[in-house]
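Q: Fold the stuff below for me.
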Amino acid sequence: MATEDQVIATLQRVSFTALTYYAEVAVDDAEFSLGAEAAWCLEPLGELDASAAADVLDTVQRVIVDPTAHRETFVALLKSLEDDTPDG
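A: Numbers count the residues shown, from 1 in each chain. Reported below is the predicted structural model:
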């Protein structure tokens, strides 16, 4: 489970990446990799189990490319990863 701080840091990274993403970035920047950007966004969460990691990575990539269409799914997914204990 993730702490609230980890979830917030992940949300901030995804938000930044989505705001700076544009469709032609792969053409304009040969170094750009959506997978690498998504992996960077997930670093604050630490290790996730394999099935969760694949789902989260897919969702993060989708929200980077089209935040409006995928933000609700992304926020729900982050909330599901958050530790809901008081010491969280």
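Q: Quick one: low-confidence residue ranges for this structure.
A: Residue ranges of the chain with pLDDT under 70: 84-88.
Q: The closest residue to Val25 other than its chain neighbours: which element?
A: In this structure, Val25 finds its nearest non-sequential neighbour in Phe32, 5.0 Å apart by CB to CB, 6 or more residues apart in numbering. Where you see a C-beta, it was placed from the backbone N, CA and C, and this is true even at glycine. Using DSSP states H and E, Phe32 falls within no helix or strand.
Q: Please tell me I have it right and Phe32 contacts Glu24.
A: No: taking contact to mean CB atoms under 8 Å, the distance of 9.9 Å between Phe32 and Glu24 leaves them out of contact.
Q: tell me the centre residue of this structure?
A: The geometric centre of the chain, computed from its C-alpha atoms, lies nearest to Val60 (CA atoms, centre = their mean), at 3.9 Å.
Q: show me the contacts for it.
A: The neighbours of Val60, taking CB atoms under 8 Å, 6 or more residues apart in numbering as the test, are 14, 38, 41-42, 74.
Q: Assign it to helix, strand or coil.
A: When states are read from DSSP: H, G, I helix; E, B strand; the rest coil, the local structure at Val60 comes out as helix.
Q: Distance-wise, check it relative to Ala30.
A: Spatial separation of Val60 from Ala30 under the definition CB to CB, to the nearest Å is 22 Å.
Q: any chance you could map the strands in this structure?
A: For the chain, no strands turn up when DSSP state E is the criterion.
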